[in-house]
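Asks: Structure for the following, please:
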Amino acid sequence: VQLQESGPGLVKPSQTLSLTCTVSGESITINDDYWAWIRQPPGKGLEWMGAISASGSIYYRPSLKSRTSISRDTSKNQFTLQLNSVTPEDTAVYYCARAFQWSDSPDEYHDWGQGTQVTVSS
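Replies: From the prediction side, this is the model:
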């Protein structure tokens with residue numbers, strides 16, 4: 001399976017960050033897989049943001065829940081992240097990843113995209 005993130009690299013403060021993960025080699029609707037968004041701010045560790053299961057259930061990090069929306073387009077085998085009201089603290093490398101069971105720990109995710117840098121700045 002291959003995962004590829006896409007989206008703008010620069011977002012202005014207070015705007016919405018939108019990223020898409022395109023998955024190839026396997027359907028995002030089969031098995032008990034979980035497809036997540038994980039980010040790494042500069043100088044910090046990996047932070048699990050949320051995930052969508054193969055059945056379509058969605059889970060969010062509690063601290064980000066009010067600003068985060070995860071959805072999917074099964075016809076394109078893609079899932080997306082929207083993060084509202086961004087601030088410079090949302091600057092990070094954003095990854096999409098796949099786990100074989102539910103987890104909010106990045107260590108449990110086995111397949112990763114290459115990551116995409118998103119900078120929040122005016």
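Asks: When you work out contacts or count neighbours from here on, use the C-alpha atoms and nothing else.
Replies: Noted.
Asks: now stretch 29-36: how far from the chain's centre is it?
Replies: Centre-to-centre, stretch 29-36 and its host chain are 14 Å apart (Cα atoms, centre = their mean, to the nearest Å).
Asks: just stretch 16-24 next, same as before
Replies: Centroid displacement of stretch 16-24 relative to its chain, using Cα atoms, centre = their mean, is 7 Å.
Asks: Adjacent strands (with direction) for the strand or helix carrying Val118?
Replies: In this assignment (DSSP states H and E), Val118 forms part of strand 116-120. Paired with strand 116-120 in the same sheet, following DSSP bridges, are strand 10-11 (parallel), strand 92-99 (antiparallel).
Asks: these two touch, right, Ala92 and Gln117?
Replies: Yes. Ala92 is within contact range of Gln117, at 6.0 Å (criterion: Cα atoms under 8 Å).
Asks: which residues of the chain fall in helices?
Replies: Taking DSSP state H as the test, none of the chain falls into helices.
Asks: residue nearest the centroid of it?
Replies: Trp37 (2.1 Å; Cα atoms, centre = their mean).
Asks: Could you provide the strands paired with strand 116-120 in TSV, with additional columns for mean neighbour count, distance to Asp107 and mean pLDDT?
Replies: Below are those laid out as TSV (neighbours: other Cα atoms under 10 Å; distance: least, Cα to Cα, whole Å; pLDDT from 0 to 100):
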stretch	mean neighbour count	distance to Asp107	mean pLDDT
strand 10-11	17	28	98
strand 92-99	25	9	98
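Asks: any chance of those strands in CSV, with distance to Arg72 too?
Replies: Below are those laid out as CSV (distance: least, Cα to Cα, whole Å):
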stretch, distance to Arg72
strand 10-11, 22
strand 92-99, 13
